[in-house]
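Peer 1: need coordinates for the following:
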Amino acid sequence: MQQRTIGTRKVGAIGLGGMPMSIEGRPEEDRSVRTIHAALDAGVTLIDTADAYHRDAGEVGHNESLIAKALSSWRGDRSEVLVATKGGHLRPGDGSWTVNGRPDHLKEAAKASLKRLGGDAIGLYQFHRPDPDVPYAESVGALADLLDEGVIEMAGISNANPDQIREAQETLGGRLVSVQNQFSPAFRSSRPELDLCAELGIAFLPWSPLGGISRAGDLGSRHDAFAEVAKAHDVSPQRVALAWELALAPVVVPIPGASRPESIQDSVQAEELELGADEIEQLSAETLH
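Peer 2: The predicted structure follows:
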């Protein structure tokens with residue numbers, strides 16, 4: 001099984017995105033817990049979440065609490081699991097999203113996340129989304145303070161452009177370990193950020209690596225090249241998409257969302273799918289139709 005590095009931690013090459021288990025259309029809690037357990041049993045050691053992954057106004061941190069509950073009932077070695085959470089993006093409860101990058105908010109949010117997740121410190125805490133009303137260095141500076149205070153072990157950023165990646169690295173004194181941006185066969189505009197992370201040795205965590213909750217199941221019908229390669233290997237187009245992303249750079253750790261055990265079990269097998277150089281070139285050159 002492949003391993004990738006995030007800061008000081010080794011993780012499996014495929015992570016688990018917890019968002020679908022907590023927002024609109026979420027499954028019953030029992031199925032979500034079984035999905036998390038299935039991921040862990042399959043070798044997943046990175047679980048991604050955020051305090052904003054919830055549906056209703058009064059349940060901030062729903063996904064964090066769900067993950068903590070699933071981990072507490074799992075019989076494996078929890079010390080090997082890295083939970084990455086985020087702050088600075090909020091859901092008022094009406095289906096909309098807002099941002100708050102004020103340092104005081106981020107510090108309070110991180111401490112609330114730690115309380116929900118449990119333990120002595122958050123393994124990886126990421127600034128969720130830039131706030132246009134707050135200088136970027138001030139928001140990232142809050143993560144530096146959280147590192148110094150021991151509230152978090154590692155710091156990352158999300159939805160960032162190349163200039164913000166460089167600014168975050170400088171603000172954190174070289175302690176930036178991850179960038180979490182959208183990237184998939186249908187959304188490739190974050191390729192410059194992926195390449196910069198590879199250059200700097202920073203983990204790149206593609207969110208919605210299969211195209212998003214509502215479109216992941218149709219990946220093969222929307223991308224002929226991925227369907228063709230999948231047929232050649234007798235695997236799902238989704239598995240091919242994740243294997244392609246892994247092949248782009250050794251810093252890439254896709255975090256597909258899942259709400260069924262079968263979904264994450266298929267995704268994890270992308271680690272073992274070896275694509276030829278010609279196939280990688282074919283997939284990289286493919287355009288959306």
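Peer 1: so what's the residue nearest to R9 when sequence neighbours are not counted scoring on pLDDT?
Peer 2: Residue nearest to R9 in three dimensions, not counting chain neighbours: L82, with 5.2 Å by Cβ to Cβ, 6 or more residues apart in numbering. Where C-beta positions appear, they are placed from N, C-alpha and C, glycine not excepted. The per-residue pLDDT reported for L82 equals 98.
Peer 1: quick check: bridge partners of L82?
Peer 2: L46 (DSSP bridges).
Peer 1: isn't it up against G123?
Peer 2: Yes. Between L82 and G123 there is a contact at 4.5 Å, judged by Cβ atoms under 8 Å.
Peer 1: anything in contact with each of the two?
Peer 2: R9 (Cβ atoms under 8 Å, 6 or more residues apart in numbering).
Peer 1: neighbours around R215, how many?
Peer 2: 14 (other Cβ atoms under 10 Å).
Peer 1: which residues are in contact with the residue nearest to R9?
Peer 2: Per Cβ under 8 Å, 6+ apart, neighbours of L82: I6, R9, V11, T45, L46, I47, G123, L124.
Peer 1: from those residues, pick the one nearest P206.
Peer 2: Nearest to P206 out of the contacts of L82 is L46 (Cβ to Cβ; 12.3 Å).
Peer 1: any idea how far P261 is from the closest one?
Peer 2: 17 Å (Cβ to Cβ, to the nearest Å).
Peer 1: between those two, which one's more packed in?
Peer 2: L46 (28 against 18).
Peer 1: correct me, but the more buried one touches A84?
Peer 2: Yes. Between L46 and A84 there is a contact at 6.5 Å, judged by Cβ under 8 Å.
Peer 1: which residues do the two both contact?
Peer 2: I6, G15.
Peer 1: mind showing which ranges of the stretch 151-289 of the chain have poor pLDDT?
Peer 2: Applying pLDDT under 70 to the stretch 151-289 of the chain picks out residues 287-289.
Peer 1: mind listing the helices for it?
Peer 2: Using DSSP state H, counting those that start in this stretch, the helices of the stretch 151-289 of the chain run over 162-171, 191-200, 219-222, 224-233, 237-248, 261-268, 277-285.
Peer 1: ranking those by burial, who's on top?
Peer 2: helix 237-248 (a mean of 24; mean count of other Cβ atoms under 10 Å).
Peer 1: ok, now how distant is the residue nearest to R9 from G150?
Peer 2: 17 Å.
Peer 1: three-state assignment of L124?
Peer 2: strand (DSSP: H, G, I helix; E, B strand; the rest coil).
Peer 1: run through the residues that contact the closest residue to it other than its chain neighbours.
Peer 2: Among residues not flanking L124 along the chain, A84 sits closest, at 3.8 Å (Cβ to Cβ, 6+ apart). A84 makes contacts with 6, 15, 46-49, 123-126, 156, 178, 180, 205, as judged by Cβ under 8 Å, 6+ apart.
Peer 1: let's see it at 7 Å
Peer 2: By Cβ atoms under 7 Å, 6 or more residues apart in numbering, the contact list for A84 reads L46, D48, G123, L124, Q126.
Peer 1: now the two most distant members of the residues you listed.
Peer 2: Those two in the contacts of A84 that are separated most widely, counting by Cβ to Cβ, are L46 and Q126, at 12.2 Å.
Peer 1: quick one on the thing from earlier: switch the contacts of A84 over to a markdown table; also include distance to A225.
Peer 2: Below are these laid out as a markdown table (distance: Cβ to Cβ, whole Å):
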| residue | distance to A225 |
| --- | --- |
| L46 | 28 |
| D48 | 27 |
| G123 | 36 |
| L124 | 33 |
| Q126 | 31 |
